[in-house]
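1. only geometry, no sequence info:
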């Protein structure tokens with residue numbers, strides 16, 4: 001899968017604003033993210049009623065959709081789709097990093113693997129927040145973006161394995177002791193709850209509610225960002241790409257106005273659903 005591809009042509013905000021736009025995410029990456037957040041919302045919306053089945057809102061929801069059997073069916077459906085997306089992601093990483101030996105996949109400025117710079121950026125960012133130093137200059141991925149990525153990656157493995165162990169319990173009982181099958185129920189429930197709390201609070205804040213992106217970071221939907229955003233948010237990446245003479249390769253058409261507005265509607269809807277589920281989760285958990 002190529003790193004870069006031109007954005008879709010459309011009515012040009014670029015020409016109206018007189019600035020350039022640059023590709024950040026490919027179409028394939030954006031599609032995969034769309035599948036990820038759609039299925040995660042589906043898993044949360046079907047998993048929470050089972051986790052808090054005695055709650056008033058859970059019983060009302062189950063009654064509205066035809067019972068808990070329907071909820072379980074859709075929970076498994078979303079799990080299968082998300083598993084397929086995760087396997088596709090692993091295949092892309094393996095192909096690029098192992099087969100094609102592409103530089104920057106497992107280490108370096110363009111990698112999602114944390115390095116010593118991320119530690120220094122974290123410390124520097126904390127110092128900047130309290131007025132003790134300058135703001136760090138970020139590369140392609142900031143430390144919180146890597147943290148978000150690996151939190152989801154870890155959750156996919158733990159929650160996925162425990163979920164399939166419950167789904168296909170007779171098969172797993174052939175090589176797992178009885179106590180392990182009981183444990184996976186607890187692990188799946190608690191790790192799923194942790195994932196929901198993380199995504200609907202930490203990830204939402206990291207991605208969309210920071211001062212420089214509030215009220216929403218549109219780049220994951222449109223795939224492109226303005227030159228000013230590029231320079232401001234990731235100055236080290238901008239300088240590196242310019243130094244390597246690759247800026248022109250990343251120039252893309254500005255997103256069409258209709259697509260930007262559509263993306264906003266989808267993004268706001270996802271955040272609203274997430275926040276509602278977060279409130280319902282906290283209310284059920286503490287009552």
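-> Alright, I've got the coordinates. Please read all numbers here as calculations on a predicted model, not as lab measurements.
2. Residue 158 touches residue 191, doesn't it?
-> Yes. Taking C-beta atoms under 8 Å as the definition, residue 158 is a contact partner of residue 191 at 5.1 Å. Quick note: C-beta positions are derived from backbone N, CA and C, even for glycine.
3. which neighbours do these two share?
-> Among the neighbours of residue 158, none is also in contact with residue 191 (C-beta atoms under 8 Å, 6 or more residues apart in numbering).
4. what does the average pLDDT come to for the host helix or strand of residue 275?
-> Secondary structure here is read from DSSP states H and E; on that basis residue 275 sits in helix 257-286. pLDDT averaged over helix 257-286 equals 92, rounded to a whole number.
5. how about the strands in the protein?
-> Residue ranges of the strands in the chain, as given by DSSP state E, are 21-23, 224-226, 251-252.
6. on contacts alone, who are the packing partners of the last one?
-> Helices and strands touching strand 251-252, by 3 or more C-beta pairs under 8 Å, 6 or more residues apart in numbering; DSSP states H and E, are strand 21-23.
7. so how far is the strand it packs on from its chain's centroid?
-> Between the centre of strand 21-23 and the centre of its chain there are 20 Å (C-alpha atoms, centre = their mean, to the nearest Å).
8. what's the burial count for residue 119?
-> Neighbour count of residue 119, defined by other C-beta atoms under 10 Å: 11.
9. In space, what's closest to it - neighbours in sequence excluded?
-> Taking C-beta to C-beta, 6 or more residues apart in numbering as the measure, residue 119 lies nearest to residue 143, with 7.8 Å between them; neighbours along the chain are not counted.
10. thinking again about what came up before, could you point out which of the strands of the chain sits nearest residue 103?
-> strand 21-23 (18.9 Å; C-beta to C-beta).
11. Next up, the contacts around residue 201.
-> Residues in contact with residue 201, defined by C-beta under 8 Å, 6+ apart, are residue 278.
12. Give me the pLDDT for it.
-> At residue 201, the pLDDT value in this model is 88.
13. same check, this time on the one 5 residues further on
-> Residue-level confidence at residue 206 comes out at 86, pLDDT.
14. Near the nearest residue to it once chain neighbours are set aside, how many other residues are there?
-> Spatial nearest neighbour of residue 206, chain neighbours left out: residue 144 (4.7 Å); criterion: C-beta to C-beta, 6+ apart. Here the number of neighbours of residue 144 (other C-beta under 10 Å) works out to 19.
15. again, but for residue 41
-> 19.
16. same check, this time on the one 5 residues further on
-> Other residues within reach of residue 46, judged by other C-beta under 10 Å, total 23.
17. Quick check: it touching residue 71?
-> Yes. The criterion here is C-beta under 8 Å, and residue 46 meets it with residue 71 at 4.9 Å.
18. Let me know the distance separating residue 168 from residue 174.
-> Counting by C-beta to C-beta, to the nearest Å, the gap from residue 168 to residue 174 is 10 Å.
19. More neighbours: the two, which one.
-> Here residue 168 and residue 174 are compared on neighbour count by other C-beta under 10 Å; more neighbours surround residue 168, at 10 against 6.
20. For that one, report the pLDDT, please.
-> pLDDT, residue 168: 95.
21. now do residue 63
-> In the prediction, the pLDDT value recorded for residue 63 is 95.
22. swap in residue 178?
-> We note a pLDDT of 88 for residue 178 in this prediction.
23. Now do the contacts for it.
-> Contacts of residue 178 were listed using C-beta under 8 Å, 6+ apart, and none were found.
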